[in-house]
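**Q** here is a sequence with its predicted model. Questions after.
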Amino acid sequence: MKKVCIIYTGGTIGMVKTPKGYAPRRGYLEKKLNETEDFHNERLPEWDLVELYPLLDSSNMTVREWNVIAEEIEKRYDDYCGFVVLHGTDTMAYTASALSFMLENLNKPVILTGSQIPLCEIRSDARDNLIESLMIAADGKAREVCLYFGGKLLRGNRATKYSADGLEAFRSPNCLYLAEAGIEIKYSNALLRAPSDKPFKVTRLSPIPIGVIKIFPGIQFELFEPIMTDKLRGIVIETFGAGNVPGGENELLPIIKKAIANGTVITVCTQCPNGRVTLGAYETSMMLKDAGAVCGYDLTTEAAVAKLYYLFSRGYDSDKIKELMETDLCGELT
């Protein structure tokens, strides 16, 4: 009999009503799952539940919690055929991206899921999301970090939250779905191949100072100059279109050059959900390319942030990080 480990971090799926709104309660989810016959159906794998403490709304997730989740998987890696991580939706794509880099040479499914409606409510989407995730984790075909939600299996580092209130809350606009759940679960050829005989290992992340700047019409770049110190290790810039920023009087250029001189790695992503950055395609992106910014291609912001954390935590210097940010490591880039 296959056995799956469920790691419960918090999030809507296990929340209950309180006078201050929905909040997670210790012990509630395990009790609810044990009382629900569907989760003990003979067609499901056996499962164990590991409840982390404290249980968090995913808005409170940090690098520390990413390390805790990775360590829980590492401790139990040889004991289970796969893992399901129950997580709040708000930052699920960030955690999925981070784990995709941290869990190196992964040869088992790690499936993140949750719900938009708590399991305690009659219309909850939690039941289907968790049941399908357990089955996918037991199948063993998706040997990578994935995100399952609303009938779709997505590559973890390609997913982004698309809807705040829809039951199909996530999309991966630049990557095919890895599987779709209908009458059967149909897997696609987009799945990564299993690694060879390299041993599984975990890279723990350090809380590196990283920033994200979203470009908008009328942005006053001088407001960001005070943060461009040698303490800031990485910046993700969400630009217009294919990497374009306002030209003006080159007011951004001195700030970018100052940051790069300080060793800050600047990665350029696009605000558009679909498509990719092509630095130099337009005059308004050429100055970023000339200054030494990294082209993020079709990286999501979530994946870019997680990848910067990972590469800096590996101890690489800025030049090596720039090279690797433009290199596909685990399916995050096309």
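**A** Alright, I've got the coordinates. Residues are numbered from 1 along each chain as shown.
**Q** can we go C-alpha only for contacts and neighbour counts from here?
**A** Will do.
**Q** give me the three-state assignment for Lys186.
**A** Three-state call for Lys186 (DSSP: H, G, I helix; E, B strand; the rest coil): strand.
**Q** packing partners of the one helix or strand in the chain whose mean pLDDT sits lowest?
**A** The helix or strand of the chain with the lowest confidence, counting by mean pLDDT, DSSP states H and E, is helix 252-261 at a mean of 85. In terms of contacts (3 or more C-alpha pairs under 8 Å, 6 or more residues apart in numbering; DSSP states H and E), helix 252-261 is packed against helix 283-291.
**Q** could you give the angle of the least confident helix or strand of the chain to helix 283-291?
**A** 30 degrees (axes from the mean of the first three to the mean of the last three C-alpha atoms, to 10 degrees).
**Q** downstream neighbour of helix 252-261 in the secondary structure list?
**A** Per DSSP states H and E, the first helix or strand lying C-terminal to helix 252-261 is strand 265-270.
**Q** mind listing what that following strand pairs with, with the direction of each?
**A** Strands that pair with strand 265-270, judged by DSSP bridges, come out as strand 234-239 (parallel), strand 294-295 (parallel).
**Q** residues in contact with the first one?
**A** Applying C-alpha atoms under 8 Å, 6 or more residues apart in numbering, the set of residues contacting strand 234-239 from outside is 209-215, 245, 264-271, 301, 304-305, 308.
**Q** mind redoing it with 6 Å?
**A** 210-215, 245, 264-271 (C-alpha atoms under 6 Å, 6 or more residues apart in numbering).
**Q** Leu49 sits in which helix or strand?
**A** Secondary structure (DSSP H and E) places Leu49 in strand 46-56.
**Q** got it, and Ala70?
**A** helix 63-76.
**Q** now that helix and strand 46-56, what's the angle there?
**A** Using the same axes, to 10 degrees: helix 63-76 against strand 46-56 is 160 degrees.
**Q** gap between helix 63-76 and the chain center?
**A** Here the centre of helix 63-76 is set off from its chain's centre by 14 Å, with C-alpha atoms, centre = their mean, to the nearest Å.
**Q** now that helix: mean pLDDT?
**A** Computed over helix 63-76, the mean pLDDT rounds to 98.
**Q** what about the helices in the stretch 101-250 of the chain?
**A** Secondary structure of the stretch 101-250 of the chain (DSSP state H, counting those that start in this stretch): helices at 126-139.
**Q** could you pick out the buried ones from the contacts of strand 234-239?
**A** Taking 16 or more other C-alpha atoms under 10 Å as the criterion, what is buried in the contacts of strand 234-239 is 210, 215, 245, 264-271.
**Q** now the element after the helix holding Ala70, going C-ward?
**A** Reading on from helix 63-76 to the C-terminus, the next helix or strand found by DSSP H and E is strand 82-86.
**Q** show me which pair in the contacts of strand 234-239 is furthest apart.
**A** Using C-alpha to C-alpha, the contacts of strand 234-239 reach their maximum pairwise distance at Thr264 and Gln271, which is 21.2 Å.
**Q** check contacts around the nearest residue to Leu55 once chain neighbours are set aside.
**A** Sequence neighbours aside, Gly10 is the residue nearest to Leu55 in space, at 4.5 Å (criterion: C-alpha to C-alpha, 6 or more residues apart in numbering). Residues in contact with Gly10, defined by C-alpha under 6 Å, 6+ apart, are 55-57, 87.
**Q** now swap in Tyr148 and tell me
**A** Tyr148 touches Thr113, counting by C-alpha under 6 Å, 6+ apart.
**Q** so what touches stretch 323-334?
**A** With contact meaning C-alpha under 6 Å, 6+ apart, stretch 323-334 is reached by 157-158, 299.
**Q** any chance of a markdown table for the contacts of Gly10, columns pLDDT and neighbour count?
**A** Shown next, in a markdown table, are those (pLDDT from 0 to 100; neighbours: other C-alpha atoms under 10 Å):
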| residue | pLDDT | neighbour count |
| --- | --- | --- |
| Leu55 | 95 | 19 |
| Leu56 | 92 | 21 |
| Asp57 | 91 | 20 |
| His87 | 98 | 28 |
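**Q** for the residues you listed, which one is nearest Thr18?
**A** The closest of the contacts of Gly10, once distances to Thr18 are taken by C-alpha to C-alpha, is Asp57, at 13.9 Å.
**Q** report how many residues lie close to the closest residue to Ala259 other than its chain neighbours.
**A** Sequence neighbours aside, Met228 is the residue nearest to Ala259 in space, at 5.3 Å (criterion: C-alpha to C-alpha, 6+ apart). Other residues lying near Met228 total 21 when counted by other C-alpha atoms under 10 Å.
**Q** do the same with Leu167
**A** Neighbours of Leu167 using other C-alpha under 10 Å come to 16.
**Q** give me the spatial nearest neighbour of it, chain neighbours excluded.
**A** Gly150 (5.9 Å).
**Q** what's the answer for Ile13, then?
**A** In space, Ile13 is closest to Pro118, 4.5 Å off (C-alpha to C-alpha, 6+ apart).
**Q** closest to Gly21 among the contacts of Gly10?
**A** Nearest to Gly21 among those is Asp57, at 11.8 Å by C-alpha to C-alpha.
**Q** so what's the closest one up against?
**A** Contacts of Asp57 (C-alpha under 6 Å, 6+ apart): 10-11.
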